[in-house]
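Enquirer: model the structure of this input:
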Amino acid sequence: MKTPNFACLFDIDGVITKGPNFITVAKPAIQKLIQLKVPVVFVSNTCMLEADKAKQLSAVLGITIHPEQVVLAQTPMRSLTEYHNKHVLISGQGPVEEIGRTLGFKSMTTIEKVCSAFPELDMVNHMNRVQLSEMIKTQGLVRDENFRPIDGIVLLGEPVQWERSLQVITDLLLTDGNPGVIPDDSNNDRDHIPIIACNRDLVFKAAADLPRFGHGAFLTCLEALYKNLSGNDLKYTSFVGKPFEISYQYAEMIANKIALAQGQSKIEKIYFIGDNPDVDIVGANMYDQLLQQPVNFRTSISGYSLLPDTKFLSATSCESVLVCTGVYDPNKQKLDGKSPWKIPTTIELDVLEGIKYILAKEGLPWIVNS
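Expert: This is a model prediction of the structure:
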C-alpha cells in the first residue's frame, strides 16, 4: 500500500466536537487515518494544558492521542524564548501560571496579584470602592512597595472578569508596566511594553444557536480602549494561534516528527480541516502562500513571528477543507471572491466526508484490512 506523504491537521471545536457534544463521524474518520499511518495533529485556539485536551480527545475518539499531537492557541509560545526570562503578566482562565511554566515562562504574575498590590485599580466593582474608602480612612492607601514592574503581557485567552482585566492591562500599558509610577505625558508616541497574544477568534461555535464571543472579542475591546485613552494603536509584539502562520508551522513540525518516528519520509503536503472561514481557512491559505517561498527565506504574510528552526518543515502546499458542522453554515454564509483568503480548497458536509475527499485525492483506499 502507498505510504502517505501528507499530514492532516484538524480544528477541534466545530469539527471533532460541537460544544459539549461529540460529532460522531469524527471517530471513524480519525481512526482511518491512524490505520493508514497518516500523521494527525489537532490545532485548536482553545487555551488549556495540552495533556488535558489530549485526554479529552482520546476518550471521544477511542484511540490514544498524545499531548504532543495537540497544538493549542498558546503552544507556539514555546519558541519565543527571548521572553521566557522576562517578568510577565499572564492573563486568561484556568491554571494560567501552570500553563505559562509549560511554555517556558519563568517569572509571572496575574491580574489578581496586581490588584492586590494596587488596591485602587479595580473600581468597576462598587464593593471595591467601599473597601478602598475604608482602607484610606483607617490606614491610608497601602500598596506593595516591592512590586516588580511588568516587562511584558501574555494574553492566553479571554478572562472571566473582562472589566477588571481591561482596566489593569490598560493601566500597565500606559505606565510602562508599573502603575505606581505615571510616565510624563509629554511623550505620547512612546511604545508600550511588549504584548504576546494568542487566539484572535472573534467568535466560536458552542451549544448556543448563535456563535459565542471568543478571545478576539476581548482583544477588540482592549484595542479600542487603548486607542481612545492613548491616541495610539495597540501593537502586538507577537501573535500565535490560528490564523497566524507560526501555529501551522508548529503543527507541521509535530506532523514531521510523527512521520519520522513511524519510519516514513518527511511530509510534502498538508490538509487542514476546519469549520471557520475567518480563522481556519484564512490561516491555511496564508500558510499555503508562505510554503511557496524558499524555506530559509520565508517572510510572514501576517507580519508576526515565524518558527526560528526550519529543520522539521518540509511541506510545499497546504490545502483547506471547510466543514459545515460548526461556525460555517452554507445556508447563511456565502463565500465569494471579495474575500479570497476565506475560500477553501473544498467544502464538505463533515469531517468524515472531508477525509474521504482527501484519501480519494491521495489514491488511498477507504477500506483498510486490519
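
Enquirer: contacting residues around the residue positioned nearest the centre of the chain?
Expert: Central residue of the chain (C-alpha atoms, centre = their mean): residue 73, 2.3 Å from the mean position. By C-beta atoms under 8 Å, 6 or more residues apart in numbering, the residues touching residue 73 are 44-47, 156-157, 198-199, 215, 240-242, 247. For the C-beta atoms, the positions are set from N, CA and C on the backbone; glycine is no exception.

Enquirer: tabulate the residues you listed in TSV, adding columns for distance to residue 304.
Expert: Converted to TSV, the contacts of residue 73 look like this (distance: C-beta to C-beta, whole Å):
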residue	distance to residue 304
44	19
45	15
46	20
47	18
156	16
157	18
198	11
199	13
215	16
240	8
241	10
242	12
247	10
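
Enquirer: list just the nearest of those to residue 5.
Expert: Each of these was scored against residue 5 by C-beta to C-beta, and residue 247 proved nearest at 22.2 Å.

Enquirer: my guess is the closest one meets residue 241, correct?
Expert: Yes - using C-beta atoms under 8 Å, residue 247 is in contact with residue 241, at 5.5 Å.

Enquirer: overlap in contacts of these two?
Expert: With C-beta under 8 Å, 6+ apart as the test, residue 247 and residue 241 both reach 73, 76.

Enquirer: helix, strand or coil for residue 28?
Expert: helix (DSSP: H, G, I helix; E, B strand; the rest coil).

Enquirer: correct me, but it touches residue 350?
Expert: No - when contacts are counted by C-beta under 8 Å, residue 28 is not listed as touching residue 350 (11.1 Å).

Enquirer: of those two, who's got more company?
Expert: Neighbours per residue (other C-beta atoms under 10 Å) separate residue 28 from residue 350, with residue 350 holding more: 19 against 15.

Enquirer: my guess is that one meets residue 323, correct?
Expert: Yes - under the criterion of C-beta under 8 Å, residue 350 makes contact with residue 323 at 5.4 Å.

Enquirer: paired strands for the helix or strand bottoming out on mean pLDDT in the chain, with orientation please.
Expert: Sorted by mean pLDDT, DSSP states H and E, the helices and strands of the chain end with strand 203-204, the least confident at a mean of 82. Sheet pairing of strand 203-204 (DSSP bridges) gives strand 212-213 (antiparallel).

Enquirer: could you point out which element follows the partner strand?
Expert: Moving toward the C-terminus from strand 212-213, the next helix or strand (DSSP states H and E) is helix 215-230.
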